[in-house]
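A.B. asks: Following is a predicted model, sequence given first.
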Amino acid sequence: MPQLNPAPWFAIMVFSWLVFLIVLPPKIMAHLFPNEATSQSAQTPKTKTWAWPWP
């Protein structure tokens, strides 16, 4: 039964993990995000109290 022979499947698994761990991370980390995050101001906005129409 070919499923019991680990030689070809083990090599496929090792090479695929090498691709995932060595080749792909630099490509993903080199991606540039078009929208950079901007820092928000430290001041809290002034809010007015709302006058309820009933007493």
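C.D. replies: Arrived safely, thanks for sending. This one's a predicted model, so the numbers in the text were calculated from it and none came from an experiment.

A.B. asks: Toward the C-terminus, what is the element adjacent to the longest helix anywhere in the chain?
C.D. replies: Looking across the chain with DSSP state H, the single longest helix is helix 6-18. Next helix or strand after helix 6-18 toward the C-terminus (DSSP states H and E): helix 24-29.

A.B. asks: quick one: average confidence on that next one?
C.D. replies: The predicted model gives helix 24-29 an average pLDDT of 88.

A.B. asks: Mind listing residues that contact that helix?
C.D. replies: Outside helix 24-29, not one residue touches it by C-beta atoms under 8 Å, 6 or more residues apart in numbering. Placement of C-beta: from N, CA and C, glycine included.

A.B. asks: Tell me how far it lies from the chain's centre.
C.D. replies: Distance of helix 24-29 from the chain centroid (C-alpha atoms, centre = their mean, to the nearest Å) equals 12 Å.

A.B. asks: Quick check, central residue of this structure?
C.D. replies: In the chain, the centroid-proximal residue (C-alpha atoms, centre = their mean) is Ile28; its distance is 9.7 Å.

A.B. asks: That one and Leu18: what is the separation?
C.D. replies: In this view, Ile28 and Leu18 are 16 Å apart by C-beta to C-beta, to the nearest Å.

A.B. asks: Ok, Pro8 next?
C.D. replies: For Pro8 relative to Leu18 (C-beta to C-beta), the value is 16 Å.

A.B. asks: repeat for Met29
C.D. replies: Taken as C-beta to C-beta, the span from Met29 to Leu18 is 17 Å.

A.B. asks: Looking at the two, which one has more neighbours?
C.D. replies: Between Met29 and Leu18, counting by other C-beta atoms under 10 Å, Leu18 is the more crowded of the two (10 against 7).

A.B. asks: Now for the more buried one: which residues touch it?
C.D. replies: Contacts of Leu18 by C-beta under 8 Å, 6+ apart: none found.

A.B. asks: cool, and Ala37?
C.D. replies: Ala37 neighbours (C-beta under 8 Å, 6+ apart): none.

A.B. asks: Let me see the backbone angles for it.
C.D. replies: phi -70, psi 140 (degrees, to the nearest 10).
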